[in-house]
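Trainee: A predicted structure for the sequence below; I have some questions about it.
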Amino acid sequence: MATPRIPRLDSARRQFLEQGIVPASVVAEPILRSWRRCADIGHDMCGSSRMQLPTQSELRELRQRNEDLLRFGRPIMALLAQEVRRSSGLVLLTDAAGSVLDAAGSAEFADCAAKVSLMPGALWSESAAGTNAIGTALVEHRPIEVRGHEHYFESNRILTCAAVPISDPRGRTLGLLDLSGPAAQGSGHALALVSWAVDQIERRLFDRDYAHCLRLAVHDEPGLLGSAHEGLLAFDGGRLVAANRHALRLLALDAGALGVLCYEDLFVEGPAQAAARGTVRRLHGSLLHVRLVQSGSAAAISHVPVPGEAEQAVFDLAREAPPVPRREARPPASARMSRPGEPAPWFDAGALADLARAVRLLDAGVAILLQGETGTGKEVFARQMHARSARAEGPFVAINCAALPESLIESELFGYEEGAFTGARKQGSKGLLRQAQGGVLFLDEIGDMPLPAQARFLRVLQNREVTPLGGARAVPVDFLLICATHRPLGPAEQNVVRADLYFRIAEYTMCLAALRDRADRARIVQTLWSSGALPAHGGPDLPQEVLQALAAYDWPGNFRQLIATLRTLRVLAETEGQARLDMLPADIAARAQAPVDLKTLTEVAVRDALAACGGSMSGAARRLGVHRSTLYRWVRS
């Protein structure tokens, strides 16, 4: 199978050497990216790698540093080696840098591989060995197969290799498993075999490290529960602390979500109901098959009568296992709850991923700037960042810069000493910045902070200390910073925020989408209506025509306006036992009930609306002020 490709690959290599380009149909994009990286390093494609092998003492130290990986990997390597020994295969285990820790398999091919230093102790990173399955898979963070002439160095084209990175349950790369063989015999099912073997290693690491947690196995195909392809999740106190790569793929998450998201961010049913039914619905729609991965009497949860207690029982059962030292302290899941009277936050999968990323950055001390229209939930987002951060037990101090009088903003922010100004309290004030000590400071509408106060605040951020008004002694402060604005900031915006301050508060910027730009508004409305965010939870269903009217509206006030509307509708619906269109505010009801004359739509208006909305029929319908079905009828006519 590989032989007919050789002349085309030779031609592609010559074209790459001469012009730096290669037809995509000949060389896979990951291989081409690797070739470019190797060229940038200065590797000679016609040359060979020059590896300096370690001494026996150095190899022994390398193996000692990776003792855990070897202990879990060697039994699986032996199984895989038995499968491939007759086909002259060689199984290699490397560390996270690409250094070969051990090898097993065909002794005959091992002798051949040693000629290119494919042996224990050798470093097969891209920087050392050019394009190869080990180094390229580690760079690309994905399974990779490199066949014959796809290797960057001429000397390595005798090999065909398949490699899969090995990750721990926290998403960190521990090493890699590789299956190499002669290029002439092709690869067969090498990548599938290696992926199976890596699944076994990762499963054993998962079970060892998270035996104290509630563990769930999930998959969208019931027949794959219990197989090597099932997704594994671990929850500690309701917080997602570990997941294998299959679970991350099924839930459309990355490793940044671990330690940040909670059970209720992912699933509708609690763990007790899910375990009893064998299925669990994701918060955003799709159904997954589920089983409890649990030692002990997990079945006892089905006999606990109260749902709330049943869910807690599931989490408590996980703690009956012998305790395992925890690697990272995190606040309990209850820390993420909203303030009394505040609606529960609603985040889709994309927003949850953004939230997880923002928490990681916040914990690293990066200042976050949230941008978005009024009502998009900037403070709710900031509070969720705080609740999921390493400083969740510290204070969350929210300051609306637009609400503080200009004459008082400095004294309120920085504090003051007794007698600092007329009317100052005898005992003085430590100020809002010092109240955030050990926690998170949230400055809403930072663009409304007066320029003199901006200069003082910049000094606070630079020196990490604040001097109260009328005081001579600076006081150290330690807080994480989140700012928010509804309008553009930055150096291009004159007299809004000083440029030097802007780059201090906007080390990472995140934009929260307006509700009218969300394609899933119907799902948002239905989720909020069915959630505990509204009074009289569990009230009447939302009729389809009311749901469509709410989903079609532009919501200039965003989530704040939507939640207020749903609250009002819930109260009215409770009285009469049903929700109706005439219970909606006049502007929403009028748009839903007004008959639309298809003749009023012109080809130019429709074309412009579609262009403005990127071809989205739903977006164009909202822009034209008609229902989506109306626009579809017009297009068909």
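Mentor: Great, that's in hand. The model shown is predicted, which means the values in this text are computed figures rather than measured ones.
Trainee: pretty sure Cys483 is in a helix, no?
Mentor: No - counting by DSSP: H, G, I helix; E, B strand; the rest coil, one finds Cys483 to be strand, located in no helix.
Trainee: that one and Gly350, how far apart?
Mentor: Shown here: Cys483 relative to Gly350, a distance of 22 Å by Cβ to Cβ, to the nearest Å. Yep, even glycine has a C-beta here, placed from its N, CA and C like the rest.
Trainee: ditto for His219
Mentor: 23 Å.
Trainee: looking at Cys483 and Gly350, which one has more neighbours?
Mentor: In this view Cys483 and Gly350 are compared by other Cβ atoms under 10 Å, and Cys483 has more residues nearby, 29 against 13.
Trainee: pretty sure Met51 sits against Ser117.
Mentor: Yes - contact criterion Cβ atoms under 8 Å: Met51 and Ser117 qualify, at 4.3 Å.
Trainee: quick check: next helix or strand after the least confident helix or strand in the chain by mean pLDDT?
Mentor: Ranked by mean pLDDT, DSSP states H and E, the weakest helix or strand in the chain is helix 307-318, scoring a mean of 42. Next along the chain after helix 307-318, taking DSSP states H and E as the criterion, comes helix 349-363.
Trainee: and Leu233, backbone torsions?
Mentor: As for Leu233, its main-chain torsions (degrees, to the nearest 10) stand at phi -130, psi 140.
Trainee: sec struct for the closest residue to it other than its chain neighbours, please.
Mentor: Counting by Cβ to Cβ, 6 or more residues apart in numbering, Leu216 is the residue found nearest to Leu233 once chain neighbours are left out, at 4.7 Å. At Leu216 the chain is in strand, as set by three-state DSSP.
Trainee: one more: Asp40?
Mentor: Secondary structure, three-state DSSP: Asp40 is helix.
Trainee: start the count at 179 instead of 1 going forward.
Mentor: Right, with 179 as the first residue, what we last looked at is Asp218.
Trainee: residues touching it, list them.
Mentor: With contacts taken as Cβ atoms under 8 Å, 6 or more residues apart in numbering, Asp218 has no neighbouring residues.
Trainee: show the pLDDT at it.
Mentor: pLDDT for Asp218: 89.
Trainee: check Ala652 too.
Mentor: 82.
Trainee: residues near it, how many?
Mentor: 14.
Trainee: can you check Pro583 too?
Mentor: The number of residues near Pro583, taken as other Cβ under 10 Å, comes to 7.
Trainee: ditto for Asp398
Mentor: 12.
Trainee: is it true that it touches His467?
Mentor: Yes - Asp398 lies in contact with His467 (Cβ under 8 Å); the separation is 7.1 Å.
Trainee: how far away from the center of its chain is stretch 239-254?
Mentor: Remark: stretch 239-254 is offset 30 Å from the chain centroid, using Cα atoms, centre = their mean, to the nearest Å.
Trainee: list the buried residues of that stretch.
Mentor: Neighbour-count burial for stretch 239-254 flags Leu240, Arg241, Asn244, Leu247, Leu248, Phe250, Gly251, Ile254 (criterion: 16 or more other Cβ atoms under 10 Å).
Trainee: what's the helix or strand where the last one lies packed up against?
Mentor: Looking back up the chat, that one is Ile254. Assigned by DSSP H and E, Ile254 belongs to helix 245-262. For helix 245-262, the packing partners by 3 or more Cβ pairs under 8 Å, 6 or more residues apart in numbering; DSSP states H and E come out as strand 268-273, strand 278-283, strand 351-360, helix 368-387.
Trainee: now Gln562: which helix or strand?
Mentor: Assigned by DSSP H and E, Gln562 falls within helix 556-566.
Trainee: from the contact counts, what lies against that helix?
Mentor: So helix 556-566, by 3+ Cβ pairs under 8 Å, 6+ apart, packs with helix 527-541, strand 546-549, strand 574-578, strand 618-622, strand 658-663.
Trainee: which ones are touching Gly434?
Mentor: Gly434 neighbours (Cβ under 8 Å, 6+ apart): Gly349, Ala531, Ala534, Arg535, Arg538.
Trainee: got TSV for the helices and strands packed on helix 245-262, with mean neighbour count too?
Mentor: Shown next, in TSV, are the helices and strands packed on helix 245-262 (neighbours: other Cβ atoms under 10 Å):
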stretch	mean neighbour count
strand 268-273	26
strand 278-283	22
strand 351-360	26
helix 368-387	20
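Trainee: mind putting those in CSV, mean pLDDT and distance to Asp218 included?
Mentor: Formatted as CSV, the helices and strands packed on helix 245-262 follow (pLDDT from 0 to 100; distance: least, Cβ to Cβ, whole Å):
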stretch, mean pLDDT, distance to Asp218
strand 268-273, 94, 23
strand 278-283, 93, 25
strand 351-360, 94, 22
helix 368-387, 91, 27
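Trainee: pLDDT of the helix holding Gln562, averaged?
Mentor: Averaging pLDDT along helix 556-566 yields 91.
Trainee: and the angle from it to strand 618-622?
Mentor: 170 degrees (axes from the mean of the first three to the mean of the last three Cα atoms, to 10 degrees).
Trainee: still on that earlier bit, make TSV out of the helices and strands packed on helix 245-262 and add distance to Gln726.
Mentor: Shown next, in TSV, are the helices and strands packed on helix 245-262 (distance: least, Cβ to Cβ, whole Å):
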stretch	distance to Gln726
strand 268-273	56
strand 278-283	60
strand 351-360	47
helix 368-387	44
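Trainee: pull out the buried positions in the helix or strand that contains Tyr680.
Mentor: Element membership of Tyr680, judged by DSSP H and E, is helix 677-683. By neighbour count on 16+ other Cβ under 10 Å, the buried set for helix 677-683 is Leu679, Tyr680, Arg682, Ile683.
Trainee: residue ranges with poor pLDDT in the stretch 329-478 of the chain?
Mentor: 364-366, 462-463, 472-478 (pLDDT under 70).
Trainee: re the thing from before, how about the helices and strands packed on helix 556-566 in TSV, adding mean pLDDT?
Mentor: Below are the helices and strands packed on helix 556-566 laid out as TSV (pLDDT from 0 to 100):
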stretch	mean pLDDT
helix 527-541	87
strand 546-549	94
strand 574-578	92
strand 618-622	94
strand 658-663	94
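Trainee: compare these and give me the one nearest Leu706.
Mentor: helix 527-541 (13.9 Å; Cβ to Cβ).
Trainee: list the buried residues of that closest one.
Mentor: The neighbour-count check on helix 527-541 (16+ other Cβ under 10 Å) flags 527, 529-541 as buried.
Trainee: run through the strands of the stretch 679-815 of the chain in chain order.
Mentor: 686-689 (DSSP state E, counting those that start in this stretch).
Trainee: for it, which segments count as helices?
Mentor: 699-708, 722-730, 736-754, 764-771, 781-790, 795-802, 806-814 (DSSP state H, counting those that start in this stretch).
Trainee: next, the angle from the second one to helix 736-754.
Mentor: Counting by the same axes, to 10 degrees, helix 722-730 lies at 160 degrees to helix 736-754.
Trainee: what packs against helix 722-730?
Mentor: helix 699-708, helix 736-754, helix 764-771.
Trainee: same thing but at 10 Å, please
Mentor: helix 699-708, helix 736-754, helix 764-771, helix 795-802, helix 806-814 (3 or more Cβ pairs under 10 Å, 6 or more residues apart in numbering; DSSP states H and E).
Trainee: what's the answer for the fifth one, then?
Mentor: Using 3+ Cβ pairs under 10 Å, 6+ apart as the contact criterion, the elements in contact with helix 781-790 are helix 795-802, helix 806-814.
Trainee: what mean pLDDT does it have?
Mentor: Helix 781-790 shows a mean pLDDT of 70.
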